[in-house]
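In: Need coordinates for the following:
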Amino acid sequence: RRTPRIAGLAANVEKGLAYLSGIFSVVSSGDNLSPYNWKLVERDVQMVLGISRAIGDEVTPQELKEAA
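Out: Prediction:
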């Protein structure tokens, strides 16, 4: 039995947010991240944003997208 696409996207966004929460927890404790590591964090933030947009696309009816 296949998992619905939105369930897979939700699981991925949950994992991404948990990861980013951990990264920002480390940064808030005073540890410094190199510019390279910040680029990786920026990439991960963009990935989570992309997944959340994909979830929005799944739940927004096509008619509303065309009307906008």
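In: Let's check: the centremost residue of this structure is which one?
Out: When CA atoms, centre = their mean is applied to the chain, the residue found nearest the centroid is V48 (1.3 Å).
In: so how far is A10 from V27?
Out: Remark: distance between V27 and A10 (CB to CB, to the nearest Å) = 26 Å. In this view, the C-beta of every residue, glycine as well, is placed from N, C-alpha and C.
In: Quick one: the helices in this protein, in order.
Out: According to DSSP state H, the chain carries its helices in the segments 5-28, 35-59, 62-67.
In: Next, format the ones you listed as CSV and append mean pLDDT.
Out: Shown next, in CSV, are the helices of the chain (pLDDT from 0 to 100):
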stretch, mean pLDDT
helix 5-28, 91
helix 35-59, 90
helix 62-67, 64
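In: Can you name the residues that contact the residue nearest to the centre of the chain?
Out: Listed by CB atoms under 8 Å, 6 or more residues apart in numbering, the contact set of V48 reads 13, 16-17, 20.
In: Please produce JSON lines containing those residues, extended by distance to G56 and neighbour count.
Out: Listed next are the contacts of V48 as JSON lines, based on distance: CB to CB, whole Å; neighbours: other CB atoms under 10 Å:
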{"residue": "V13", "distance to G56": "11", "neighbour count": "18"}
{"residue": "G16", "distance to G56": "15", "neighbour count": "18"}
{"residue": "L17", "distance to G56": "15", "neighbour count": "13"}
{"residue": "L20", "distance to G56": "19", "neighbour count": "15"}
